[in-house]
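Participant: dropping a prediction and its sequence here:
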Amino acid sequence: MRSISELLPPSALARLSNLNLIARWIVEGFISGLHKSPYHGFSIEFAEYRPYTAGDDLRHFDWKVLAKSERKYVKKYHSETNMQAHVLLDCSASMGFGEPVSKLRYGQAIAAAMAHLMIMQQDAAGVATFAEKILDYLPPRASMRHFQDVTRVLSNATAQNSTNVYAALDHLAEAVKRRGLFVIISDLYDDVDKILAAIRHIRFNKHEVILFHILDHKEIAFPYRALSEFKDMETGESVQVAPMAYREAYKVALNDFTENMRKKCASMLVDYQLIDTETPFDKVLAQYLFKRQSLR
């Protein structure tokens, strides 16, 4: 069976309006593709099945087993899969960049799919949207009813005018007391030293961190050739540039920036992943799963 990422590229899938449905498709496609991928064995694992008895939570009822064998079973999960995770989505103006799907929309789909996968594994998932400050926050819970609230918060997120990644992350680092996992989704267009200081604060409080550095494909490939006008999405300032004259310098600067982030994050034991908005969602979820497995 082909996964949803094979049937629909991220740009097409993320343009769909129902974020709840998108998340479910991404996760179900990811799970169905695990057996034929290099991530086989990085589990959506259950401790065992046991016969269904009246009163069992139907969320854990295995309908597929029923359809195949007419036997009623529920899934028993490993007791250690009980982690609190916070998915943090940058909603700054620069995240509104990208066609046919913006970095923000791609990030919304990833955040929703992450939360769905976490809750499926009996972990508690929370979500925060931020720009200059925290815009909306839901503390972690481990129920599919809570997932509906998560997708509502993410669906309501819009690109803001200004950004202060440091202030938002630093606030959450101080506010969240129980150790857990922070999944940060951002294009990192802010003062890098301050962003690293905020991440250092999160790590000092013993939280694990995955940093997904989201960039539009054009920001990575820089395919522009004709004289172009580039506009700062936060300040509104614009400048005309002959792209071919700066293309190599731009790519060198971007590579230097991402490698510096990678090294600084590695020194703090933070998983840094540069994500192109053309990257299939499966690969992003796999990176989370690698991290989740290492925490057991």
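Facilitator: Good, I have the coordinates.

Participant: contacts and neighbour counts: CA atoms only from here.
Facilitator: Noted.

Participant: got the contact list for the closest residue to residue 187 other than its chain neighbours?
Facilitator: Nearest residue to residue 187 in three dimensions, chain neighbours excluded: residue 214, at 4.8 Å (CA to CA, 6 or more residues apart in numbering). By CA atoms under 8 Å, 6 or more residues apart in numbering, the contact set of residue 214 is 103, 107, 185, 186, 187, 274, 275, 276, 277.

Participant: cool, and residue 247?
Facilitator: Residue 247 makes contacts with residue 222, as judged by CA under 8 Å, 6+ apart.

Participant: separation between it and residue 219?
Facilitator: Residue 247 sits 11 Å away from residue 219, going by CA to CA, to the nearest Å.

Participant: could you do residue 181 as well?
Facilitator: Using CA to CA, one obtains 28 Å as the distance from residue 181 to residue 219.

Participant: residue 170 too?
Facilitator: Distance of residue 170 to residue 219, computed by CA to CA: 27 Å.

Participant: pretty sure residue 122 is touching residue 142, no?
Facilitator: Yes: if you go by CA atoms under 8 Å, residue 122 and residue 142 touch, sitting 6.0 Å apart.

Participant: tell me the buried residues in stretch 95-115?
Facilitator: 95-98, 101-115 (16 or more other CA atoms under 10 Å).

Participant: strands of the stretch 101-250 of the chain, start to end?
Facilitator: Residue ranges of the strands in the stretch 101-250 of the chain, as given by DSSP state E, counting those that start in this stretch, are 124-130, 134-141, 181-186, 208-215, 228-231, 238-241.

Participant: pLDDT weak spots in the stretch 151-296 of the chain?
Facilitator: Low-confidence regions of the stretch 151-296 of the chain, defined by pLDDT under 70, span residues 296.

Participant: run the last query once more with 90
Facilitator: Applying pLDDT under 90 to the stretch 151-296 of the chain flags residues 161-163, 227-237, 241, 243, 282-283, 286-296.

Participant: quick one, helices of it?
Facilitator: Along the stretch 151-296 of the chain, the segments classed as helices by DSSP state H, counting those that start in this stretch run 165-175, 192-204, 217-221, 243-267, 281-294.

Participant: residue 22 is nearest to which of these?
Facilitator: Of all these, it is helix 281-294 that lies closest to residue 22, at 10.7 Å by CA to CA.

Participant: now the angle from the closest one to strand 208-215?
Facilitator: Counting by axes from the mean of the first three to the mean of the last three CA atoms, to 10 degrees, helix 281-294 points 160 degrees away from the direction of strand 208-215.

Participant: now for helix 281-294, which elements pack on it?
Facilitator: If you count contacts as 3 or more CA pairs under 8 Å, 6 or more residues apart in numbering; DSSP states H and E, helix 281-294 packs onto helix 19-33, helix 103-120.
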